[in-house]
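Peer 1: Quick one: sequence and predicted model below, then my questions.
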Amino acid sequence: MDLSALHRYPDFKDEFFRCTKFPQKWDFRYTKSELAENGFFSVDNSPWVVCFSCGLQINVEIDNRDSLPAQHAAKSPLCSMVTGNHSINVPLPHKTIYKCEKDRLYSFLTSHFPWPVDVYSLAQNGFYYDRTKKSSCCFHCKLQIGSWGQGDTAATEHMKYNPNCSFYLRGEGVENVPLGQEDTILGRQVIQSALAEENASKHSSTLHVDEAPKIPRYKEKKDRVATFSTWPASMKQRPGELADAGFFYTSRGDMVQCYQCGGGFKFWGRDDVPWEQHAIGFPECPLVRAIANKHKRFLNVRKFFYNHIFHLLNFLFSMLKIHCKWPFSRLGP
C-alpha cells in the first residue's frame, strides 16, 4: 500500500524540509520548530500554515489559547499526525550532532538570527547557532562570532578569526557530514559501531525463548543491526541497543518492530529506553518475559550474595571485638 496517497502534501513529509519553508523572521505564538514538528509548513512566507498530511490550514496571526496539538486534534481528529496511524512523517532527531550540516542549518532556521549573512552558507562553513550565547559557533574549532556586518561572509570571517581551523582547511581530519549525505556517511558509521558492539558481546549470555518468533529472519542480532543502515543517524536510540531489545528497522520514519512478538514502536522520545518501551508496549512478548526473568534471577543472586557477605563480615567483626577488645559496631544488613 502506498501511504503517500493518504497524505495531501507527501513531498513535505520530512520535518526538516518543512522547517525550511518558513521565513527567517517569525514572531508568532507557535514557533517554526513547533509547527514543523506537528506537520505544518508555511505557505508563501505568509502567516498561513498547512498540515502536509490532512491539509488543515491555520492562520497563526489569530490568537488561539489552545496548544498546537490540541488545535490540530480538534479541527482534524483523523489526521495521521494526530492519530499516529499510517504516517509517513520523517521526524527530526532530538539530539543535535553539529557535525551534520543539516543540524547546523536547523539551528539557524529555528532561531531569530538577526544578521545579514546567508544561514545556508554559515552551516556549510561549519557554524551552528547557540541560542544561549546568541553566537555563531564553529562545531570543530569552537570559534564564536557574536555579530556580523553587511558584506561579511561565513568563509571570510572564519578565515579571518581562525585560519588554522582544520575544518576550514578543506575539512581534513574532520567528521563533517554535508547536507544530503546523512544516511550514506553516518549510516555506515552507526552500522560499523553497532557491529563492533555485537562482536565485542558475542560471548555474552543469550536469552532462551521457547516460543517461535513471529519474524524469524531477524532472530539473530546481526541481522537486525543490518536493517539500520538508513536509521536517522542523530536519534538518541542507537542501532545496537534497539537490536538488543529485539527490534529491527522498518525503514519508515523512526518505526521499529520486534522480531519475536511482531509489535511495532515509533515516535521515540529523547529519553525513551528501548527495553523499557518494549516492556511497556508489549508486556506479554516472550522476549520481554525472558529478559524480566533473567533480571529477576540476577537480583535474587545479588541479594543472596550480599546477605552472605554481611553475615560473614558481622561474624568476623564479632570475633575481632571479642579477642581484640576493639570498639567495633555491628554492621546492618
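Peer 2: Here it is on my side, so go on.

Peer 1: Give me the neighbour count for the residue nearest to K214 when sequence neighbours are not counted.
Peer 2: Leaving aside its chain neighbours, K214 sits nearest to G262 (3.8 Å; criterion: CB to CB, 6 or more residues apart in numbering). From N, CA and C alone the C-beta is placed, and that goes for glycine too. Using other CB atoms under 10 Å, G262 is surrounded by 12 other residues.

Peer 1: Please verify my assumption that G262 contacts I215.
Peer 2: Yes. The pair G262 and I215 passes the contact test of CB atoms under 8 Å, sitting 6.2 Å apart.

Peer 1: Okay, Q260 and G269: tell me how far apart.
Peer 2: Noted for Q260: a distance of 23 Å to G269, by CB to CB, to the nearest Å.

Peer 1: how many other residues sit next to K142?
Peer 2: 9.

Peer 1: Dig out what F41 forms beta bridges with.
Peer 2: Going by DSSP bridges, F41 is paired in beta bridges with V50.

Peer 1: Could you tell me how far it is located from D118?
Peer 2: In terms of CB to CB, F41 sits 21 Å off from D118.

Peer 1: For these two, indicate the residue with more neighbours.
Peer 2: A count of neighbours by other CB under 10 Å puts F41 above the other of F41 and D118, at 21 against 12.

Peer 1: which ones are touching the more buried one?
Peer 2: Y9, F12, F17, R18, C19, K21, F22, L35, V49, V50, F52 (CB atoms under 8 Å, 6 or more residues apart in numbering).

Peer 1: OK, contacts around the second one?
Peer 2: Read it as F12. R18, K21, F41, F52.

Peer 1: out of the residues you listed, what pair is the most spread apart?
Peer 2: Across those, the longest distance by CB to CB is 10.1 Å; it joins K21 and F52.

Peer 1: The two: who's more crowded?
Peer 2: Neighbour count, other CB under 10 Å: between K21 and F52, F52 has more, with 26 against 19.

Peer 1: Give me the helices and strands touching the helix or strand that H72 is a member of, please.
Peer 2: H72 is part of helix 68-75, with elements assigned from DSSP states H and E. In terms of contacts (3 or more CB pairs under 8 Å, 6 or more residues apart in numbering; DSSP states H and E), helix 68-75 is packed against helix 80-83.

Peer 1: Give me the next element, helix or strand, following the helix it packs on.
Peer 2: Per DSSP H and E, helix 80-83 leads on to helix 101-109 as the next helix or strand towards the C-terminus.

Peer 1: now what about that following helix, what contacts it?
Peer 2: Identification of contacts with helix 101-109 by CB under 8 Å, 6+ apart yields 16, 19-20, 22, 24, 32, 92-93, 96-98, 119-120, 122-124, 126-131, 139, 176-180, 182, 234.

Peer 1: quick one: the helices in the stretch 101-250 of the chain?
Peer 2: Assigned by DSSP state H, counting those that start in this stretch, the stretch 101-250 of the chain shows helices spanning 101-109, 119-124, 154-161, 182-200, 221-225, 239-244.
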